[in-house]
Structures are given as structure tokens and as C-alpha cells.
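Asker: Next one to model:
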Amino acid sequence: MIRSTSSVVLCAVLAATLLPAPVATAAPAPGPGAVSHFGLARKDCLGTARNTTSKAWFTVAGGVLSDVYAPVIDNTNVETLQFAVTDGATFTDLQARDMTYTVRTSAGGMACEVTSTPRSGRYRLVTDYLTDPARTGVLIRTRLEPLRDSGRDLKVYVRFDASINGNGGGGPANGGGDTATVDPATSALVSADTTTVSSAPARDYGTPLAAALRADRRFLTTSSGFAGTAGDGLAQLDRDHRLTDPTPSAVNGNVVQTAQLDLQPHRPSVLALGFGADARAAVATAGASLRTPFEASYRQYARE
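Answerer: Next up, the predicted model:
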């Protein structure tokens, strides 16, 4: 059961203004990976900064980060961004598949806290989402709270399933593929679309865009692959309960990237999803977001 102080109003707003139109039927040939699609239209939360500096709008659906619109409000770049938890030996729990969740909003309904609990009841993940009020990006803070034992054997991964410029690349009507890389200097997961064709509703053009996911501590392991294939990080975690394929890049397809967080129980980790015209700019945006303490960003966000 979902509990939210203001998600009903936000869902109504999204249903009226952000429901994606069907993707264009004329598109480049698809790259590898499963058929891609837009995120869920029924949202738990919507958030954006009340200024002209930050040009990002985030949504949460099904208890995970869903469409993130940038740099304009009709251009989505994320299918899902979610966490997976494993003991490295016997199980892998994916948020959208294996956990129930509750939602609480704050900052006038524009900040979102999601508490996810697996069916085992062994632990919970508590994750806060808000738009960076100082730049075009989204801030994510998560912590692992063991409920039965120390939880020191638990490992947390993040899976970034991008759809940059509204293009996923996993089907003939999905506007062409994205390209995924790992930035060696920062371990950031970067997905980019350099084409000027967009599947966004109401227009048929786009601008080159990249999204970079960075953490306040370097990722321990990373992997780039194609959704629904053996190289998909989720397939690796389900099969081996760890990342076994450290391939750093995947080119022109429905890309998906996975990384292990340097996260200990009760010790929060902050992630930033930053946007820019190219990989370098996106990595820099995410880095600038992380250099500002999360609480300071939240105070400014709420104040506005």
C-alpha cells in the first residue's frame, strides 16, 4: 500500500500535462537490447526547483525514479533508476520487482522520500529525491537500514536505465540508440544521445544531451550493457549476485548501466544525476551537485 501526503494531486497534474504521446513511427534502425518504452504515467511524486536556474523535473513511479525531464519539460531521459540489494550469494532484490514501498513528501510536496522493504523484511532502503536548485540535475540520498541483523553482508547496487532525449534504441519506434560509458576519472555512469531526433511528444527535434550519475564515494564496480541481455547488470546480479562483466561501454542501443555503491548500513550515500550537452559537461554538473552538502541543497529547494 502506498502512503503519500500529496501524490494524488501530483498524479492528477502529471496525467493532465506530462503523459507522453506515442513515440514517432519513423526512426533510425534500433540498436541491441530489449524493446524500450516510456516510464509509468501514474506517478507517486513530481518535483522541480522554483527558479530558472535548474531545468530538470523528476518523477517517482512504482517507488523508483522514473521520467526525469531535462533540459525542457517534454524531454524525458530516464526509464528507471533504481536500487538492487544482494548478500552476494543467495538473493538479489530489485526495488520495482521485489520490494513494497511507502512514500512521504515534503518541501510543499516537491521533495519525495521512498521507503522500500523486501518481502523478507530483512532491511529497508530509505531514499530522498529532490531537484538540485542550483543546476540541472537530480539529487538522490539513500541509506540501508538492517532490520534483523547487522546487514554488513548486504551490498547495494544502482541500475540506471536511460532514455536520453526520449530515445531508448530498443525498438523500431524508439528514435535511435543511446551510448553508455564509464568516466574513468570519477567512475560516473554516463549515457548520451548525440542525435537531433527526439521521440518527445509535440516535436521531432532534439539537441545532443548526456546524463551522468555520480556518487559521493566512487563506485566500487561498474558495468555497461544492453537492457534484457546477458550484459545487463541486473542479469548479472540475478545470476551471480555480483557484477561479473566490467565492460565500460555500450554503443547505439537500449543501454543500461549498473554500479555498486560504497555503502555501509546506516551510512547514507548521495548520488547526483547531472545533465549537459556532452559527457564532460554532465559529469561536471553532477560533481558540482555533490560538492554542495545535501542538506544545504534541500534547505534552498524547500525555501524556494
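Asker: Can you classify residue 301 by secondary structure?
Answerer: In three-state terms, and counting by DSSP: H, G, I helix; E, B strand; the rest coil, residue 301 is helix.
Asker: That one reaches residue 135, doesn't it?
Answerer: No - contact criterion Cβ atoms under 8 Å: residue 301 and residue 135 do not qualify, at 12.0 Å. The C-beta positions use only the backbone N, C-alpha and C, and glycine is treated the same way.
Asker: Show me which of the two is the more surrounded one.
Answerer: The residue with more neighbours, out of residue 301 and residue 135, is residue 301; 25 against 22, by other Cβ atoms under 10 Å.
Asker: Quick check: the more buried one vs residue 132, distance?
Answerer: For residue 301, the distance to residue 132 (Cβ to Cβ, to the nearest Å) stands at 8 Å.
Asker: For the two, list the residues in contact with both.
Answerer: Taking Cβ atoms under 8 Å, 6 or more residues apart in numbering as the criterion, residue 301 and residue 132 both touch residue 49.
Asker: List phi and psi for residue 96.
Answerer: Note on residue 96: its backbone torsions stand at phi -70, psi -20 [degrees, to the nearest 10].
Asker: so how far is residue 131 from it?
Answerer: Residue 96 is 22 Å from residue 131, where distance means Cβ to Cβ.
Asker: Comparing those two, which shows the higher neighbour count?
Answerer: residue 131 (28 against 18).
Asker: Next one, pLDDT for the closest residue to that one other than its chain neighbours please.
Answerer: Leaving aside its sequence neighbours, residue 131 sits nearest to residue 49 (Cβ to Cβ, 6 or more residues apart in numbering; 4.6 Å). We have a pLDDT of 97 for residue 49.
Asker: Any idea how many residues pack against residue 49?
Answerer: Summarising burial for residue 49: neighbours were counted as other Cβ under 10 Å, giving 23.
Asker: State the distance from it to residue 112.
Answerer: From residue 49 to residue 112 the distance is 14 Å (Cβ to Cβ).
Asker: can you pull out the strands in the stretch 101-250 of the chain?
Answerer: Assigned by DSSP state E, counting those that start in this stretch, the stretch 101-250 of the chain shows strands spanning 111-118, 123-131, 137-146, 155-162, 178-182, 189-193, 209-215, 222-226, 250-253.
Asker: partners of the first one, with directions?
Answerer: Paired with strand 111-118 in the same sheet, following DSSP bridges, are strand 99-106 (antiparallel), strand 123-131 (antiparallel).
Asker: hang on, the residue nearest to residue 131 packs against residue 304?
Answerer: Yes - using Cβ under 8 Å, residue 49 is in contact with residue 304, at 6.2 Å.
Asker: Pull up the overlap in contacts between these two.
Answerer: Joint contacts of residue 49 and residue 304 (Cβ under 8 Å, 6+ apart) are residue 133.
Asker: Just give me the residue right at the centre of the chain.
Answerer: The centroid of the chain falls nearest to residue 81 when counting by Cα atoms, centre = their mean (2.7 Å).
Asker: Who does the closest residue to that residue other than its chain neighbours form a beta bridge with?
Answerer: Closest residue to residue 81 apart from its sequence neighbours, by Cβ to Cβ, 6+ apart: residue 65 at 4.1 Å. Beta-bridge partners recorded for residue 65 (DSSP bridges): residue 60, residue 81.
Asker: count of residues packed around residue 65?
Answerer: Using other Cβ under 10 Å, residue 65 is surrounded by 30 other residues.
Asker: mind listing what it touches?
Answerer: 58-59, 78, 80-82, 129, 138, 140, 273.
Asker: Helices of the stretch 1-150 of the chain, residue ranges please.
Answerer: Applying DSSP state H, counting those that start in this stretch to the stretch 1-150 of the chain gives helices spanning 7-17, 95-98.
Asker: on that earlier part again, to residue 239, which of the strands of the stretch 101-250 of the chain lies closest?
Answerer: Among the strands of the stretch 101-250 of the chain, the nearest to residue 239 by Cβ to Cβ is strand 222-226 (12.6 Å).
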